[in-house]
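>>> I would like to see how this sequence folds:
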Amino acid sequence: MEKRVTRIHEMFAYKWIALSNTTLGVLMATLNSSIILISLPTIFRGIHINPLAPSETGYLLWVLMGYMVVTAVLLVTFGRISDIYGRVKMYNLGFAVFTFGSILLFLTPGTGNFAALEIIFFRFIQGIGGAFLFANATAILTDAFPANQRGFAMGINQIAAIGGSFIGLLLGGILSPVSWRAIFLISVPFGLIGTIWAYLMLHETAILKKGQTLDIIGNILFAVGLTMILIAITYGILPYGHSTMGWGNPLVIAGLVLGLVFLLTFIWYEPRIKDPLFHLALFKIRMFTVGNIAGFLAAIARGGLQFILIIWLQGIWLPLHGVSFEETPFWAAIYMLPLSIAFLVSGPLSGYLSDKYGAKLFSTSGMIVTGIGFVGLMLLPANFSYVAFAFWLFLLGIGMGLFAAPNTTSIMNSVPAINRGVASGMVATFQNTAMTLSIGLIFSMVALGISEHMPGVFYSRLTNVGIPTFEAMHISHLPPTAALFAAFLGYNPMKTLLPYSVVIGLSSHTKSVVFANSFFPTILSGPFMDGVIVAFSISAVICLLASIASLLRGKRYIHEEKFGEKLK
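Numbering: from 1, shown residues only. Below you'll find the model as predicted:
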């Protein structure tokens with residue numbers, strides 16, 4: 001009896017250790033992503049590269065997206081490896097690898113293009129560590145917590161994700177003036193503490209099935225297929241030839257087609273082997289299938305949101321309200337605070353309530369509320385009233401928080417304990433892949449809106465202030481990517497778009513007009529909002545589809561506890 005009481009006490013204590021450590025891991029990973037987002041200008045100045053130069057844009061894109069691509073590709077594989085060799089063991093390895101990548105980034109030698117390549121490679125190493133963390137955090141929580149507390153645990157874990165995003169933006173704004181190396185150094189103490197803590201305190205609670213083998217062919221088919229698709233999407237948002245976007249690039253088309261062929265071959269191959277990478281049989285579980293469909297759609301709807309909001313704030317609204325372009329990244333983080341606060345409130349609460357009442361009500365209503373938030377933002381003018389903007393951001397945060405924890409918990413509750421690692425990897429893969437798809441989709445919609453409507457307005461404004469006709473025609477037809485990235489990076493776009501040979505010939509009055517805070521935002525606002533209306537309309541429709549999928553998940557279902565007790 002005494003041993004049983006001791007065992008229960010140890011389990012009670014362990015679940016909070018598991019929650020706190022996995023929460024630290026998620027916090028570190030998301031903080032690292034957002035701090036990069038806001039610190040790109042400082043990083044590229046530090047290594048002496050102009051990321052907006054045509055030959056350097058690829059570096060900008062891969063520093064920004066490389067981590068996400070690597071993580072998305074490796075999640076299922078690492079989840080499967082964890083089911084074979086131990087989730088805690090692989091999670092601990094992920095903490096160590098991520099920390100090693102952070103140290104390498106801090107120590108990055110050299111300058112110029114070689115330093116940029118080093119940073120991209122070291123970010124890939126971080127992505128490998130992040131894949132181990134994300135593939136196992138949810139499974140470890142599911143193993144450690146009883147079914148009636150998993151939603152609450154997932155909600156707390158989600159706080160770290162959104163909290164890390166916000167803290168990273170603030171830290172980036174604070175550390176950027178200090179040193180570009182300090183941006184990477186901040187992840188090191190988190191990683192060292194988390195790694196030591198994980199190795200000392202976490203232990204394997206999952207029951208591992210012996211004799212399983214790793215599906216090498218399936219891993220290759222899946223990794224190559226998904227990598228080709230994600231790389232094609234990444235290059236699809238860059239200009240190609242005379243086109244504003246790269247979707248007509250033969251290499252992009254080939255990447256999408258061949259990637260799809262590899263993935264279809266993977267789906268054909270997997271049911272024919274003993275120990276598959278992707279347990280397609282899990283899709284026979286209604287809760288698992290519907291939950292992943294809803295999660296995939298939700299991630300597509302919201303994936304490009306932060307990207308567009310930052311461009312809206314940094315490229316239009318903040319400069320129109322007197323904030324210098326150099327200061328806009330920091331203040332954009334502050335003005336997006338309502339989104340974070342709402343998520344912090346609704347995430348744990350919905351997770352706690354879903355433990356009692358099931359996921360359907362909260363996840364379905366969460367997607368409906370999120371869709372309404374997108375419609376509200378879509379109807380705002382470019383130079384909005386901040387009270388209205390904050391309200392719609394808050395509503396979006398509430399909706400996303402209502403959906404996230406209940407949906408993930410319902411998926412993980414529905415799978416056998418022995419498959420939780422690969423199931424966690426599959427969930428994270430769907431979401432990370434959808435996020436990349438979303439950025440490509442949303443960015444393309446906005447860029448197309450700009451390219452269609454901006455040249456005429458731009459040409460008229462430039463010639464009216466004294467820019468020579470030939471130069472005005474050339475500048476007005478430049479790809480919108482440069483203008484969007486300039487605003488995104490906190491640069492005055494006119495100082496990057498106007499050639500020096502033109503600038504030196506302008507009068508002082510013309511320079512003061514062209515380089516004023518309001519000049520470019522006034523031109524950009526109309527065409528930008530045309531693109532935003534299309535993009536957010538699509539997001540709202542996808543949210544509706546996600547709510548329908550969520551509604552079809554059926555009654556609350558828990559597969560079985562690790563002690564073999566079948567739950568009704």
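
>>> Kindly export stretch 516-527 (C-alpha atoms) in CSV.
Output of stretch 516-527 as CSV, limited to C-alpha atoms (Å, rounded to 0.1, in the frame of the first residue of the first chain):
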residue,chain,number,x,y,z
ALA,A,516,9.1,61.3,-45.6
ASN,A,517,7.4,58.7,-43.5
SER,A,518,4.0,59.1,-45.2
PHE,A,519,5.1,59.0,-48.9
PHE,A,520,5.5,55.3,-49.5
PRO,A,521,2.7,54.1,-47.0
THR,A,522,0.2,56.4,-48.8
ILE,A,523,1.1,54.8,-52.1
LEU,A,524,1.2,51.2,-50.7
SER,A,525,-2.0,51.4,-48.6
GLY,A,526,-4.6,51.0,-51.4
PRO,A,527,-3.0,48.2,-53.4
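
>>> Show me how far that stretch is from its chain's centre.
Distance of stretch 516-527 from its chain centroid, counting by Cα atoms, centre = their mean, to the nearest Å, is 28 Å.

>>> what residues does it touch?
315-317, 319-320, 322-325, 382-383, 449-450, 452-454, 457-458, 461, 480, 483, 487, 492-494, 513 (Cβ atoms under 8 Å, 6 or more residues apart in numbering). To be clear about C-beta, it is placed using only N, CA and C from the backbone, and glycine gets the same treatment.

>>> Just the buried residues of those residues.
315-317, 319, 323, 325, 382, 449-450, 453-454, 457-458, 461, 480, 483, 487, 492-494, 513 (16 or more other Cβ atoms under 10 Å).

>>> on that earlier part again, among the contacts of stretch 516-527, name the ones in helices.
Mapping the contacts of stretch 516-527 onto helices (DSSP state H) picks out 319-320, 449-450, 452-454, 457-458, 461, 480, 483, 487, 493-494, 513.

>>> Out of those, which comes closest to residue 290?
Closest approach between the ones in helices among the contacts of stretch 516-527 and residue 290, by Cβ to Cβ: residue 449, at 33.5 Å.

>>> show me what contacts that closest one?
When contacts are counted by Cβ under 8 Å, 6+ apart, residue 449 is found next to 527, 528, 529, 530, 531, 532, 533, 534.

>>> and the second one, how many neighbours?
Think residue 528. Neighbours of residue 528 under the rule other Cβ atoms under 10 Å: 27.

>>> now do the fourth one
Using other Cβ under 10 Å, residue 530 has 18 other residues around it.

>>> Excluding chain neighbours, what is closest to it?
In space, and not counting its chain neighbours, residue 530 is closest to residue 449: 3.9 Å by Cβ to Cβ, 6 or more residues apart in numbering.

>>> circling back: and of the contacts of residue 449, the nearest to residue 404?
Nearest to residue 404 out of those is residue 532 (Cβ to Cβ; 24.0 Å).

>>> For the spatially closest residue to residue 137 that is not a sequence neighbour, identify the helix or strand it belongs to.
In this structure, residue 137 finds its nearest non-sequential neighbour in residue 22, 4.1 Å apart by Cβ to Cβ, 6+ apart. Residue 22 is located in helix 2-46, with elements delineated by DSSP states H and E.

>>> Can you name the element that comes right after that helix?
With secondary structure assigned by DSSP H and E, helix 2-46 is succeeded by helix 57-85.
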